[in-house]
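Visitor: Let's see this in three dimensions:
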Amino acid sequence: MQPSLGVLLFIPYRHMEQRILQTVEAAGYPITLAQARLFQRIDEQGSRLTRLAEAAQVTKQTAGYLVDQLEDAGYVQRSADPDDSRAKLVTITERGRAGIAVARQKEEAIEAEWAAHLGPRASRQLRAALVRLREITDPYA
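Guide: Down below sits the predicted model:
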């Protein structure tokens, strides 16, 4: 019996995620899987904790705990939200951006490996199909 499409989508994602985490840790940016999954959902202009919790599908308390850890590691900072003085924004620091650069470089290398394995045509088709699926599956797109 063949694995479901969901499993087939998850396996390469998990593979990429593990390799990226190993690379960023080796480069001096240790981060846990839970922290990384929240961190990657921070908007360029910053995100409120409630939005991060929703996007990461965790409780607000869990998101707050993870943001505390990310802040202690120097990857993020909290600051006043210019649109609402009562709210705080979580924004990425320079250290966080440096870690992202390491992760992106590894991500590109993995995608190149996959493209070499699949070939140019299949790679383009896969990307196009996944972009189309995103239209109906990603409420944050």
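
Visitor: Walking through the chain, point out its strands one by one.
Guide: Under the criterion DSSP state E, the chain contains strands at 76-81, 84-92.

Visitor: Output the contacting helices and strands for the lengthiest helix in the chain.
Guide: Criterion DSSP state H: the longest helix present in the chain is helix 94-118. Applying 3 or more CB pairs under 8 Å, 6 or more residues apart in numbering; DSSP states H and E, one finds that helix 94-118 makes contact with helix 5-26, helix 120-137. The way it works is simple: take the backbone N, C-alpha and C, and place the C-beta from them, glycine included.

Visitor: Residues contacting the last one, please?
Guide: Here helix 120-137 makes contact (CB atoms under 8 Å, 6 or more residues apart in numbering) with 114, 115, 118, 141.

Visitor: For residue 65, give its distance to residue 80.
Guide: 21 Å (CB to CB, to the nearest Å).

Visitor: Sounds good, over and out.
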